[in-house]
Structure formats: structure tokens, C-alpha cells
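K.L.:
Fold the following and give me the result.
(2 chains)
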Amino acid sequence: MQYWKDESEPIKAFLKLSEALKTDKEIVEGMKKVNQLIWYDYTEDGPNCSYYVDCRNGKFESAAGKPADKPDLVLSLSADNAHKSWSNKLNPVMAITRRQMRIKGSATSLLKLAPKLKKIAVYYEQVLRDLGWEDKIIK
Amino acid sequence: MHGNTGNVIDVDLTERTVTVACPPEDWYLRYIGGSGLAARLFWEMGHFDADPFSPEAMLIFMDGPFAGLKLSGTSRMSVGGRSPLTGNWGDSSCGGYFAPELRYSGYDGIAIRGRAAAPSLLLIEDDRIEIVDAASYWGKGIEEVNNGLKERFGKNHRTLVTGPAGENLVRYAGILNEFHHAFGRAGFGAVMGSKNLKAIVVKSSKQRMALADSKPYEKLRKELNIRIKENLTNSLLRDSGTACNLEGAMFAGDVPIRNFTSNFSEDMGESLSGGTLTEKFLTRRGTCMYCNVGCKRVAAVREGPFAIPEGPGPEYETIVAFGALMGSKDLAAACKAGRICNDLGLDTISAGSTIAWAMEAFEKGDLTLKDTDGVELRWGDMETVIDKVLPAIARREGMLGELLSLGSAAAAERIDKGSIDYTCQSKGLEAPMHDPRGGGHGMALTYAVSPRGACHVAAPMLHMEMGACYYPEIGFEYELEPMTDTHKPEAAVRSMELGSIENSACFCQFADREVSIPEWVGLFNTVAGYGWDAEDMMRAGRRVFYLKRLINYRYGRTSKDDTLTPRMLEPARDGEPMGIEINFSGMKERFYELMDMDPEKGIPREATLREYGMEEEARKVWQE
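P.N.:
As a prediction, this is how the structure comes out:
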């Protein structure tokens, strides 16, 4: 991994990002509309390198690992590419075309949040700063 | 032959003769099929001095080598000839159900010339080809005629029909298959109308085609059908139609608003999106023959001023042309406008763009009530568009109908007042609903150099700039940023070659995004026995592009015509692309260098043409 020293680091950052996003009304409403259980699968970088977001039925919860229920949507990619994605430095269409990202399930609803990536990247940068990981910020 | 049949129906409507011609086999290898082969036939048989509406004008329908395969995305075909809208080479492509039926009947295409003495239709049933009286259909809408033809000949007879707009020679009249799938662009419905040809009907008694190497083809077909279906973009297209990403495109600045004067409206993005269409008006999904993408919509608007019964639903282009482009966020109105255009036989892109231009002209005072027969043209007034403007255009009724039937460029030239500057077109063909200022600067280049005019399917540049193309086998490994000129001329060269291949093979741009270069080559070889490697295939694509450029040159088009209007090149006023300049001249100059084209004439140099085996063509344009 280029950006992370072990598999726990990205999950720590991404879960903290989830918490930060819960303070943003617009993004919370958007996630509720997605109404899916999403598993972010980075296990190519380690068996414990994954987390999930459950935004079914008005919830917005996240936790490390694979969810107990069957996910509606699985996004599989490397932890480095996930870092680029949350930093708004990865073109998702290009990542899919080049097989850097694989998707199982319907991504129609999640796609609606794509325009919000720019805003999410601002939160993510702050999360990295809060963790003292300024060196990981992609300029 | 394999894939292709080697047979082209040759119809002279004046003489009422039908023969079957066999183009040289070499032409298929050099120009592939579809619009490429149509261009080669036109080069050989077309009367270059003939007006598009004269009896001598050629109208050429052509399958690609893949039509008839049970492979997603291959049931398309092309029509080509001299466009009455632009006066140049024009072609248009259409999915649906006609192309496979024509192939199974034993033909690759239909070349039509002459003018029937009375309204006629062409009936093709295997070896039986007849010119049949069609007086009872004349003057009727496409839906009624399509239904009538099905009743008369059988529900599985496949139809191509032009509507009242075609009969009245509206310069952007289209042709519809099954009242749903359209040859929209460049006005070939009007060419049909000028020939007194209301419809073409085809039915084959068999469903077979000969393949060069069926075992490897079958393996490839099975793999591709699964991958094409599972492809993320295609699953989105199936879910929400071609407008599935309208909201995302709106944020990118790709969606033109109020005649390209704005690039952002979150409200319109949500109101007009494919998701909204699905929620509010979708009744079921439709498809072209053998395609498992299923991007077509069947829709109904149950109540309100724009109520319509269940029938063909609008595509992305129609939704934006009769939505954001006219300053409307009323999706029901876009559904109804699209349905009416289908019935009248109007290209929704040119119709929408011409009306949006007229709305701006009216706002500016360049068009007055005197010019519009008292009709007020206001942004977002869709009742007026639907009830008054579209019927007037199709009938060329009054001053307004006559003016707007010409298309935006000719209409602007007629009223003058500098209004050409705010038309949105190139070489007379109205631009589709992707604004290159936000959608991608490379698209500005490919719109301008595309032989038929501003076109987003002549080359897959939109897909390339959004990151959906990766072809390392031919050196396309660019990571393109839409709103820059970096690598765009290089990408545009590959894009034009690939687009020419797509439109000659008649393979859908959505489905074929999943096909790698080796798989493309594999299809040509196992289906048609072309015996190509990747370089042969890319050279054929380049050759098709060159040939269409040569045809345009013979119509007087040169480098100076490869441009966009001031409106399309001015920096965007809002949204993501606000204030960003397009380096258009720099990209164009580099593209010309890479394509080895003469910077004044706008055609390939003589030596280059010879290198591509185009000696006869080179002689014609460089020595005569």
C-alpha cells in the first residue's frame, strides 16, 4: 500500500469520515435516499480491511468489517484507490473501466451522490488532519 | 461471403425497377459496412451535383457485418447520402428491429434513387421485392402508419416509416422503425418524402446468417453478452434509461440549458433525470432486437396537460432538448414533445435546438411576433411548443413553421441580425445535448471535425473523456480531464477511428464499451472473415473518416468549416465550467497534424490517401 502502513489505518480514517458526514444534513438525506446496505470491500489489502455503511430504512450507521446481513451493494477496490476516491482524485468511471473498482449490486442510487464527492473530500481532508495524517493528504 | 451477404437492393423509383447489386468484396474489407460502405457506394454512384431532394439523390440504408447476430448492441444500421439539412455528407444510425430482418432476407443494404410517381412503399420479403402503392398512408402520422402496416402485412414485418415532416420536406425529418427507434439526424426522412416513399417493410422467412468461424464466435458472443449485461453503465441504462446520469452530468456542466446560456440547474437535473422518469412515467422497459441492455423506455403520462397514453418514452437527448435547453423542467412535457416528434417524424435534437434558438431570438427581438405568426416564444412555455410550434414545423405552416423547418443555421441566415452566433451547430447540424465546455473539451474538437456536423456519436469522445475507454492495445491509455485540452487531439484521432468503426459495424456505443480491441478484431474475423489484426481495423476506421471528409470537400467544405459557433466556444457563464476557455484552435491544429490533413483544404494529403489504398479517391480530389 502506498498511503497506509497497515490495514487498520484506512478503516480508521474512513469510519471517522462516516462520523463526520453524519453532521452534514444534505449528505445524511442523500444517504437515506440510497436506502442500501453497502459493503466497502478492501480485502485485497488484508482480510480485515473493510467496513460497511447501513443506510436502510432511514439509518446511517457504519462499522468495521463485513456486515452480518447480505449487502445490497459491494464496492471492491484497493485501500489506496479508496483513499484517492474519498479525496476526489479517482474518476469512478475510469476506475471501473480499468478494473480498479468492481461493483456488485445496483449502484443507481449511490450514483446520485457522485456530485457530492467534492464536498465529501473536504470533510475527508479535515479527518486526515484531525488524525495527524497531513502527509496522507493528496495535493 | 460471411456476416455480410454481398447483396445490396438497388431501387429506381422513377423507373420502378428493382435489381440486386453486388459491391466488390474489397469494399467491405476497406469500408467495413454501415455508414462506411454507404459512403463508398455514394462515392461511386452518387450524383454530387444533385440536390438532396432531386430524383437523382441517393438514399442508402446499410447494415454492418454484425446485424443479425444474437449479440447485444448489434441490431443497428445506418442511412447515408447528401443531407438536406447541411448540404454535406450525412448519415444517421438506428437501432431496433429492421437491420437483422434485412440481413436474414439476404441483403446488406438498400440503395434508392428516383422519385415514385405516387406515394409508394417498398416491400421486401426474401427474394420478393416490390414497389407497392401507399397512397392511403400519405399524410398520416407514423404511429398510425406503423400500426396499419402491421395489420396489413403482419406484426412481425419490420417497418421504416417517415411522417408528415418528411412528406413536407422539413430538413431535419427522421425515419422511425416500429414507431420507436429513430434515424433522427441529418434529414433523411425528408429525402424519403421527396421520393414519394412513405415506408419500407421487410420480413424474412428465416433467421440465419453465415459465419466465418462459428465456434470461436459463439464463445466470444456468450462471454460478451454476459459482460455487456453486467457492465455498470449498462445496468444503470437498464434501470433508468439513457437519462440515468442526467443529474451527474448537470453537476459536471455537460447539460445545456436555455440554448447553451447556462450549465447548471440542480432543480432541472433532478426533475428531468432518468430516475424521475422511472418513478413517474415508466410503464415498462424496451429494447432493440437481441439486446440485454434494455435502455429503451415505454412511458405514459396519466394526467395533466401533457397526458399521453402508453408508448415510446423519451431518450436523454429528447428530455434535454425539450427540457433544459428550452428552460423547462417539466418532464411530462418532454415526454409528450418526444411522442409528437416521433409521430410527425422530426429529429428531436434539431427540432429542440432550433426552437431554443428561436426562443432566444424572440427574447432578443431578433424574431418578432410578425415573424412568428403572432406566437410568443417564451422560455419554458411547453404548451406553445407542443400545441403550436411542432405542428407548424411539420406542416411548414405559416412564417414560423417555414422558418423553423429549415433548421437553426439556415433560419438564422435567413433572419440575419447576427443570430447565427447563438445557434448551436457545426456545418449546419445542431449539436446534441452534451455541452463540450463542461462535458469535455475534446468533444468540441470532435463535434467540429465530424464529417456530418456536430455529433456525439461520430466518435466516442464523451465516453473517453468521462473515463469509460481504455484501449492499451492501440496506445489509448490516457487519463483525460474533461475540461482541459491535454491529450485531446491524440484521443480525438483514436476516437474518430473507433467511431468510424462503430458506425460502420453498426455496433451500439453503450454495448460496445465492454468490447476490447482484440475482441473487436475477433468479431470481425469470426463473423465476417476479414482476417484483420488491430492495425488493419484501425486503418479501416481511419479510411472511412477520410472518405467522408473527401465527400464533403467535393461539396465545397474545407478546414474553415471545422468550427463551432461563438455561443459554443464562449466561456460558460455558470456551473462547473464557468469561465474556462476552450483551446479550440490549438486542438484543431494538432488534430490536423496527427491526421495528416491539409490545413486549408481539410482533407488528407495525397500521399496519405495513397498510403491508405485510396488512389482513385486521391486522384479525384487532388488531380481533377
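K.L.:
now the strands for chain A?
P.N.:
Listed in chain order, the strands of chain A (DSSP state E) span A:37-41, A:50-54, A:61-64, A:73-77, A:101-104.
K.L.:
Mind putting the ones you listed into a markdown table with mean neighbour count?
P.N.:
For the C-beta atoms, the positions are set from N, CA and C on the backbone; glycine is no exception. Formatted as a markdown table, the entries for these read as follows, by neighbours: other Cβ atoms under 10 Å in any protein chain shown:
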| stretch | mean neighbour count |
| --- | --- |
| strand A:37-41 | 22 |
| strand A:50-54 | 23 |
| strand A:61-64 | 16 |
| strand A:73-77 | 20 |
| strand A:101-104 | 17 |
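K.L.:
got TSV for those, with mean pLDDT and distance to B:Gly407 too?
P.N.:
Formatted as TSV, the strands of chain A follow (pLDDT from 0 to 100; distance: least, Cβ to Cβ, whole Å):
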stretch	mean pLDDT	distance to B:Gly407
strand A:37-41	96	47
strand A:50-54	96	50
strand A:61-64	96	54
strand A:73-77	94	45
strand A:101-104	90	42
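K.L.:
so which of those strands gets nearest chain B?
P.N.:
Closest to chain B of the strands of chain A is strand A:101-104 (Cβ to the nearest Cβ; 5.3 Å).
K.L.:
With distance to B:Val8 as new columns, can the strands of chain A be given to me in TSV?
P.N.:
Rendered in TSV, the data for the strands of chain A read as follows (distance: least, Cβ to Cβ, whole Å):
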stretch	distance to B:Val8
strand A:37-41	53
strand A:50-54	58
strand A:61-64	62
strand A:73-77	49
strand A:101-104	44
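K.L.:
Please identify the one among the ones you listed that comes closest to B:Ala50.
P.N.:
strand A:101-104 (52.2 Å; Cβ to Cβ).
K.L.:
Tell me the strands beside the closest one, with direction?
P.N.:
strand A:73-77 (antiparallel) (DSSP bridges).
K.L.:
Return the distance of the strand it pairs with from the chain's centre.
P.N.:
Mean-position distance between strand A:73-77 and its chain equals 10 Å (Cα atoms, centre = their mean, to the nearest Å).
K.L.:
for stretch B:616-623, same thing?
P.N.:
Here stretch B:616-623 shows a centroid-to-chain-centroid distance of 29 Å under the convention Cα atoms, centre = their mean.
K.L.:
Convert the C-alpha atoms of that stretch to CSV, please.
P.N.:
These are the backbone C-alpha positions of stretch B:616-623, laid out as CSV (Å, rounded to 0.1, in the frame of the first residue of the first chain):
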residue,chain,number,x,y,z
GLU,B,616,-8.8,6.6,-57.0
GLU,B,617,-10.2,9.0,-54.4
ALA,B,618,-6.8,10.8,-54.2
ARG,B,619,-6.8,11.3,-57.9
LYS,B,620,-10.3,12.7,-57.9
VAL,B,621,-9.7,15.4,-55.2
TRP,B,622,-6.1,16.2,-55.8
GLN,B,623,-5.7,16.0,-59.6
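K.L.:
So which residues make contact with it?
P.N.:
Outside stretch B:616-623, the residues that touch it by Cβ atoms under 8 Å, 6 or more residues apart in numbering or on different chains are B:Trp43, B:Tyr546, B:Leu547, B:Leu550, B:Tyr553, B:Arg554, B:Ile603, B:Glu606, B:Leu609, B:Arg610.
K.L.:
Residues contacting the helix or strand of chain A with the lowest mean pLDDT, please?
P.N.:
Of all the helices and strands that make up chain A, the one with the lowest confidence by mean pLDDT, DSSP states H and E is helix A:108-111; it has a mean of 76. Contact partners of helix A:108-111, identified using Cβ under 8 Å, 6+ apart, comprise A:33-36, A:38, A:73, B:235-236, B:239-240, B:244-245, B:248, B:275.
K.L.:
neighbours of the residue of the stretch 501-624 of chain B found nearest chain A, just the number please.
P.N.:
Using Cβ to the nearest Cβ, the closest approach of the stretch 501-624 of chain B to chain A is made by B:Arg513 at 7.8 Å. Counted with other Cβ atoms under 10 Å in any protein chain shown, residues neighbouring B:Arg513 total 18.
K.L.:
got it, and B:Arg297?
P.N.:
The number of residues packed near B:Arg297 is 26, by other Cβ under 10 Å.
K.L.:
Single out the residue in chain A that lies closest to chain B.
P.N.:
A:Met94 (2.8 Å).
K.L.:
Go ahead and confirm that residue touches B:Glu479.
P.N.:
Yes: counting by Cβ atoms under 8 Å, A:Met94 does reach B:Glu479; the two are 6.5 Å apart.
K.L.:
Near chain A, which residues of chain B are found?
P.N.:
Among all residues of chain B, those adjacent to chain A (criterion: Cβ under 8 Å from any Cβ of the partner chain) are B:232-233, B:235-236, B:239-240, B:244-245, B:247-248, B:250-252, B:275, B:466-470, B:479, B:513.
K.L.:
change it to 7 Å
P.N.:
Taking Cβ under 7 Å from any Cβ of the partner chain as the criterion, chain B approaches chain A at residues B:232, B:235-236, B:239-240, B:244-245, B:247-248, B:251, B:466-470, B:479.
K.L.:
List only buried entries from those residues.
P.N.:
B:232, B:235-236, B:239-240, B:244-245, B:247-248, B:251, B:466-470 (16 or more other Cβ atoms under 10 Å in any protein chain shown).
K.L.:
on that earlier part again, nearest residue to the residue of chain A closest to chain B in space, please, no chain neighbours.
P.N.:
On the basis of Cβ to Cβ, 6 or more residues apart in numbering or on different chains, the spatially nearest residue to A:Met94 that is not a chain neighbour turns out to be B:Gly467, at 2.8 Å.
K.L.:
so how far is A:Leu111 from the one you found?
P.N.:
Going from B:Gly467 to A:Leu111 by Cβ to Cβ, to the nearest Å gives 14 Å.
K.L.:
Contacts for stretch B:471-489 next, please.
P.N.:
A:94, B:252, B:439-442, B:445, B:464-465, B:469-470, B:491, B:494, B:517-518, B:534, B:538, B:577, B:580, B:583, B:586-587, B:590-591, B:594 (Cβ atoms under 7 Å, 6 or more residues apart in numbering or on different chains).
K.L.:
Tell me the buried residues within these.
P.N.:
Buried residues within the contacts of stretch B:471-489, defined by neighbour count using 16+ other Cβ under 10 Å: A:94, B:252, B:439-442, B:445, B:464-465, B:469-470, B:491, B:494, B:517, B:538, B:577, B:583, B:587, B:590-591.
K.L.:
out of the residues you listed, which are inside strands?
P.N.:
When DSSP E is applied, the buried ones among the contacts of stretch B:471-489 are split such that none fall in strands.
K.L.:
Just the ones of those in helices?
P.N.:
When helices are assigned by DSSP state H, the members of those inside them are A:94, B:252, B:439, B:441-442, B:445, B:464-465, B:491, B:494, B:517, B:538, B:587, B:590-591.
K.L.:
Understood, closing this out.
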